[in-house]
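>>> Sequence first, then the predicted structure, then my questions.
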Amino acid sequence: MIGIPLSVAAVFLVAAASPLIVSRTGRWAGWLLAAAPATLFAWFASRAGEIADGRLWFAVDWVPSLGVRLAFALDGLSLTFVLLISGIGALVVVFAGDYMADDSDLGRFFGLLFAFMGAMLGLVLADDLITLFVFWELTSLCSYLLIGYKHEAAKARAAALQALLITGGGGLALLVGFLILGGVADTYALSEILGMGATVKASAAYPAILLLVLLGAWTKSAQWPFHAWLPNAMAAPTPVSAYLHSATMVKAGIYLLARFDPVLGGTALWLWLVTPIGVITMLLGAVLALGQTDLKRVLAYSTLTALGTLVALLGLSFPEAVKAAVVFLIVHSLYKAGLFLVAGAMDHATGTRDIRELSGLRRLMPLTALAALLSGLSMAGLPPLFGFVAKELTYKAKLGFGGGEMLLPAVAVLANALTVTAAGIVAVRPFIGRSSDAATRARDGTPALLLGPLVLGAAGLALGLAPYLVGQRLVEPAISAVLGAPFEIELSLWYGWNTALALSVGTIALGLLVFLRRHSARRAIERAIEALPVTADSVYGGGLTLLTRTAAAQTRLLMRGGTSIHLFVILAVAGLLLWTALAPLTGLSAPPMPRADWVAWILAALVVLEAIGAVRARQQLAGAAALGALGFSVALLFLLAGAPDLATTQFLVETLIVLVLVLVLRRLPATPEPRPGAGRRAGAAAAALAVGGGFTALMLGVVAGPYDPALADFFANASVPDGKGRNIVNVILVDFRALDTLGEVAVLGVAALGVLVLVEGVRPLPADRAAWESPILDVVDRFLVPLLAGFAVFLLWRGHNEPGGGFIAGLVAAGAVALRVLASGPAAGRALLRFDPRVYVGAGLLLALVSGLWGPLLGFDFMTGVWTEVPLPGGPLKLGTPLLFDVGVFSVVVGFSSAVLVKLEERHG
Amino acid sequence: MAELFVYLSGILLTAGVYLVLQGALVRMLFGVILIGNAMNLAIMAAGRAAALAPPIVPPGAIAPETAVANPLPQALVLTALVISFGLTAFALALVARVHETWGTTHVDLTDEPETEDLSVSASEGGAA
């Protein structure tokens, strides 16, 4: 069903357009932008009837070679999340439009918020492990950017980094878990994996998969001991806290647990890993919430309680527990988002979020007070709110575990009682009593600020009175998806007199009792936290410090200052690694004696002598000469190996390199830099021998191994029929691997720019220093330059069939330019070229690019050769875009070489 | 011939690495040129270089009629040669500029200011 990916794509599109929409519509941006998620909500809600019959899905290949598909599916669980994400998203966007109206960067804010919305939708709709992971990481990234939205504040930056490191670390674990799971299941398709629970649980990798996936869920849903980032994330603007850090993103971990329950859940390992962590988090959040004075932090810790409750229920994994989890998931998203928005509205109206400074707001903000009351009662789990339904189900589930085991219900009663207290603190206390100083000027906000809190509060009431509204259409398919089997339920507000009801009454009574003693409770908790030797935050901070200290120490150890030491460390380690890798390999027996004819041996001996000469040369010019000779010897070796194109190129390149070397070296002092001491030289020799010896051994192994001539044969056989050229090397360069060549000439172009910029800063040669005066040069110049230029054109033309081609022709032409520059000066060189060397580089690149575009115009791939025949008396003339491409290569090479030569010789003044 | 190329490649690499560790920029550049030659020979060796005919199809034929040299490493090395020309020219311009700016072409004398910067940021990182 194409609508699913389209809806995700549409949200990302809105994200991209947000800055523009905000700048055009100003104060109305929130309302306008909210239309997108509202439409999605309506569209997906209208699909609810269809998914009861089965999953709707859509998939296209993404990385077919790895079996990764961009796949989406919609079932009951996904739909529940999608409706929460789009529905609450629309309300939050409307709220943010007014709440953040004064923000100068609202376009960026909405862009990030919508990007997050798209990522979250993709996450819950993904039907492929890798697709799911990509969206999972994207939500972490968006969360990072949104927590750090007020990036001028160091606190916001630190909180953003903490969230990213913790959830990102969990994301990495999740990826590894997914890869192992995909290996065990032999597919990444989620809908297939969901039916393979028995196989996965029986495999030896099951504990590893489970732990890794759980690490992803725990970090994302802020479970102990990874919870510290969530309260700190309150540094984000309040709409972000309402949306990401209570209603949606932190539920991604819950989604993961629910989604993978059929595959990974229901085992003892699952139960004993998941439920205890959930219970600890639940209690921790409930207690710490009472120690806070900031409204948002109270809410954040109570979110931990809710997330812990959900995790504990999903760990139990039996139908009653899953039912309670799904209902509580919806309940919590509604009331928590509502209360966050209420907190934002109070902050907006009074300028403070400190619970000690807020009271008596009900007369001044009656509508906000109503919304707060509705959400607060749902949070406390009082009838007739939806929260009451959820709490009854939770108690029933926990009573149902292990037949009479009372620890779980007892802990739940305690946590829920403290939640009742927290609900009183955030939703009731600020509105009753006498008006505080901060409250005097407070008024109910604009419609945009009221809509979200009121709708969310009313939803909690409506679903409490009529739970069947979501019962069979939403909750039932969601539970079936988690259980992996159809499951029928009937939700109702009143289940009759039973143990769960008694627990509820006890919970509320206990909660009220603590509420009356809340001040002393807060002080006691504050003292207890201060007395704690270790907190999750201090462990995180310590870890971060350890990391930076280790990095600094390592840097001090390895980067001691001085490039030669760094280079020595790098190369010595490279040599060491080579030998460690080679040592265990067998078959490194006596090195073989190479077979070659006597000419090759003589050339090889020359190469060795010239290398020794280059190393030992005292004078730099002597070294340059030795290198030039070495290059010529290597060129001759290439000729022996049946590579005339290569040999020619090497001759030309060596000539030009020596030329450029001489041009630069004469600007430098004649006396070379002092040599390093004997110790340094010995170290360098040892590293060089390790690297060179290791490389030789490695390459001998390569050469002795089997050789597959498939590629060589392909090029040899396809060159004439497909490439229309007989010189196979040239056809490879301009046709088969033309894209590669295009990259290389582009590098030349960039290098030319680099040379021009660098030489610009070098003092020009003194004007009185004459050019190279030599009668021989003059004569050679006059006769040879036109000859070379003509020869270059000839080489360019015949290169497709005989040795030659753009590179060689370009280098020959560059030789002509060099000769002219040396004999008659750079001005004459410029005159010979007519245009600036940069023009040659640019025109050449353009020509190469244009020749490649011919293919796409005719419906082929980029760089596909297109040929035509021109009838001529002496036989048809074949013309094709690869020839044009070669002309481009020629032009770039000429331009580059000329730029270097002319620029280095130019004198000013 | 492949083994001969391997040995030569190893010798040139050894000489090149030794020169790179000498500290004087020009000698380091000589080393880089030697290493470039070593790698070209190694690529040819890996393509099983042998004394064969050039990889050119005779006129009128569809494919080579006798055994020819492997064309792929030749194409790779050919572009590598031109790139190494570009690299050398760029490095030389860099050497000229370094000499202009610092009055020396020895790496350890030229990077002293950078070393001081590093230690400051390192100590800050340690204290953070």
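Structure's in. What do you need?
>>> Helices of the stretch 251-400 of chain A, residue ranges please.
Assigned by DSSP state H, counting those that start in this stretch, the helices in the stretch 251-400 of chain A fall at A:252-264, A:268-289, A:295-316, A:319-350, A:366-380, A:386-399.
>>> which of those helices has the lowest average pLDDT?
Among the helices of the stretch 251-400 of chain A, helix A:386-399 carries the lowest mean pLDDT, at a mean of 89.
>>> tell me, how many neighbours does A:Glu744 end up with?
Per other Cβ atoms under 10 Å in any protein chain shown, the neighbour tally for A:Glu744 reads 20. Using the backbone N, CA and C atoms, a C-beta is placed for each residue, glycine as well.
>>> Quick check, it in contact with B:Leu76.
No. Assessed by Cβ atoms under 8 Å, A:Glu744 is found out of contact with B:Leu76, at 10.3 Å.
>>> Apart from its chain neighbours, what residue comes closest to A:Gly97?
Distances taken as Cβ to Cβ, 6 or more residues apart in numbering or on different chains place A:Gly30 nearest to A:Gly97, at 1.4 Å, with adjacent residues excluded.
>>> With A:Tyr468 instead?
Nearest non-adjacent residue to A:Tyr468, counting by Cβ to Cβ, 6+ apart: A:Leu491, 6.3 Å away.
>>> List the residues that contact the residue at minimal distance from the centre of chain B.
The residue lying closest to the centre of chain B (Cα atoms, centre = their mean) is B:Gly36, at 2.7 Å. Remark: with contacts taken as Cβ atoms under 8 Å, 6 or more residues apart in numbering or on different chains, B:Gly36 is in contact with B:80, B:84, B:87.
>>> thinking again about what came up before, ok, now how distant is the residue nearest to A:Tyr468 from chain B?
53 Å (Cβ to the nearest Cβ, to the nearest Å).
>>> Shouldn't that residue be within a strand?
No. Under DSSP: H, G, I helix; E, B strand; the rest coil, A:Leu491 sits outside any strand and is assigned coil.
>>> How about the contacts made by it?
The contact partners of A:Leu491, taken as Cβ under 8 Å, 6+ apart, are A:327, A:389, A:467-468, A:470-471, A:475.
>>> follow-up on the earlier one: can you tell me the element the residue nearest to the centre of chain B falls in?
Here B:Gly36, judged by DSSP states H and E, is contained in helix B:25-46.
>>> so for that helix, what's the average pLDDT?
In this model, helix B:25-46 has a mean pLDDT of 93.
>>> just the angle between the helix or strand that it is followed by and helix B:25-46, please?
Counting by DSSP H and E, the next helix or strand C-terminal to helix B:25-46 is helix B:71-102. If you take axes from the mean of the first three to the mean of the last three Cα atoms, to 10 degrees, helix B:71-102 sits at 170 degrees to helix B:25-46.
>>> still on that earlier bit, A:Asp444 is nearest to which of the helices of the stretch 251-400 of chain A?
The minimum distance between A:Asp444 and the helices of the stretch 251-400 of chain A falls on helix A:366-380, with 4.9 Å, by Cβ to Cβ.
>>> re the thing from before, between the helices of the stretch 251-400 of chain A, which one is closest to A:Phe110.
helix A:319-350 (16.1 Å).
>>> how much space between the residue nearest to A:Tyr468 and B:Ala45?
76 Å (Cβ to Cβ, to the nearest Å).
>>> one step back: how about the helix holding B:Gly36, which residues are buried there?
The neighbour-count check on helix B:25-46 (16 or more other Cβ atoms under 10 Å in any protein chain shown) flags B:25-31, B:33-46 as buried.
>>> swap in stretch A:288-298?
Buried residues in stretch A:288-298, counted by 16+ other Cβ under 10 Å: A:288-292, A:294-298.
>>> and those as JSON lines, adding distance to chain B?
Converted to JSON lines, these look like this (distance: Cβ to the nearest Cβ, whole Å):
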{"residue": "A:Leu288", "distance to chain B": "28"}
{"residue": "A:Ala289", "distance to chain B": "31"}
{"residue": "A:Leu290", "distance to chain B": "34"}
{"residue": "A:Gly291", "distance to chain B": "29"}
{"residue": "A:Gln292", "distance to chain B": "28"}
{"residue": "A:Asp294", "distance to chain B": "26"}
{"residue": "A:Leu295", "distance to chain B": "32"}
{"residue": "A:Lys296", "distance to chain B": "27"}
{"residue": "A:Arg297", "distance to chain B": "26"}
{"residue": "A:Val298", "distance to chain B": "31"}
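>>> which one of the residues you listed is nearest A:Ser143?
Comparing the buried residues of stretch A:288-298 against A:Ser143 with Cβ to Cβ picks out A:Lys296 as the nearest, at 15.8 Å.
>>> so that closest one touches A:Thr238, yeah?
Yes. The criterion here is Cβ under 8 Å, and A:Lys296 meets it with A:Thr238 at 6.8 Å.
>>> Find the residues that touch each one of those two.
Common contact partners of A:Lys296 and A:Thr238 (Cβ under 8 Å, 6+ apart): A:340, A:343.
>>> Among the contacts of A:Leu491, name the ones in helices.
Counting by DSSP state H, the contacts of A:Leu491 place A:327, A:389, A:468, A:470 in helices.
>>> can you count the residues close to the third one?
Using other Cβ under 10 Å as the criterion, A:Tyr468 is surrounded by 12 other residues.
>>> For it, list the residues it contacts.
By Cβ under 8 Å, 6+ apart, A:Tyr468 lies in contact with A:490-492.
>>> A:Leu832 versus the residue of chain A positioned farthest from its centre, what's the distance?
In terms of distance from the mean C-alpha position of chain A, A:Pro775 ranks first, at 64.2 Å (Cα atoms, centre = their mean). From A:Pro775 across to A:Leu832, the span is 20 Å (Cβ to Cβ).
>>> One more: B:Ile11?
According to Cβ to Cβ, B:Ile11 and A:Leu832 sit 41 Å apart.
>>> what does A:His332 give?
To A:Leu832, A:His332 is 80 Å away according to Cβ to Cβ.
>>> Kindly report the same for A:Glu905.
As defined by Cβ to Cβ, A:Glu905 lies at a distance of 13 Å from A:Leu832.
>>> Torsion angles phi and psi at A:Gly360?
With angles defined as degrees, to the nearest 10, A:Gly360 sits at phi 70, psi 30.
>>> burial count for it?
Neighbours of A:Gly360 (other Cβ under 10 Å): 17.
>>> who touches the residue lying closest to it once chain neighbours are set aside in this structure?
Nearest residue to A:Gly360, sequence neighbours excluded (Cβ to Cβ, 6+ apart): A:Ser435, at 3.5 Å. Going by Cβ under 8 Å, 6+ apart, A:Ser435 touches A:359-361, A:363-364.
>>> What residues does B:Leu52 make contact with?
B:Leu52 makes contacts with A:641-642, B:67-69, as judged by Cβ under 8 Å, 6+ apart.
>>> again, 6 Å this time
Taking Cβ atoms under 6 Å, 6 or more residues apart in numbering or on different chains, we find B:Leu52 in contact with A:642, B:67-69.
>>> do you know how far the closest residue in space to A:Leu463 that isn't next to it in sequence is from A:Pro533?
Distances taken as Cβ to Cβ, 6+ apart place A:Phe386 nearest to A:Leu463, at 4.0 Å, with adjacent residues excluded. Separation of A:Phe386 from A:Pro533 (Cβ to Cβ) stands at 41 Å.
>>> what does A:Ala163 give?
The value you get for A:Ala163 to A:Pro533, if Cβ to Cβ is used, is 25 Å.
>>> quick one: which of those two has more around it?
A:Ala163 (28 against 5).
>>> The more buried one and A:Met234 touch, don't they?
No. Using Cβ atoms under 6 Å, A:Ala163 and A:Met234 do not qualify as a contacting pair, with a distance of 10.9 Å.
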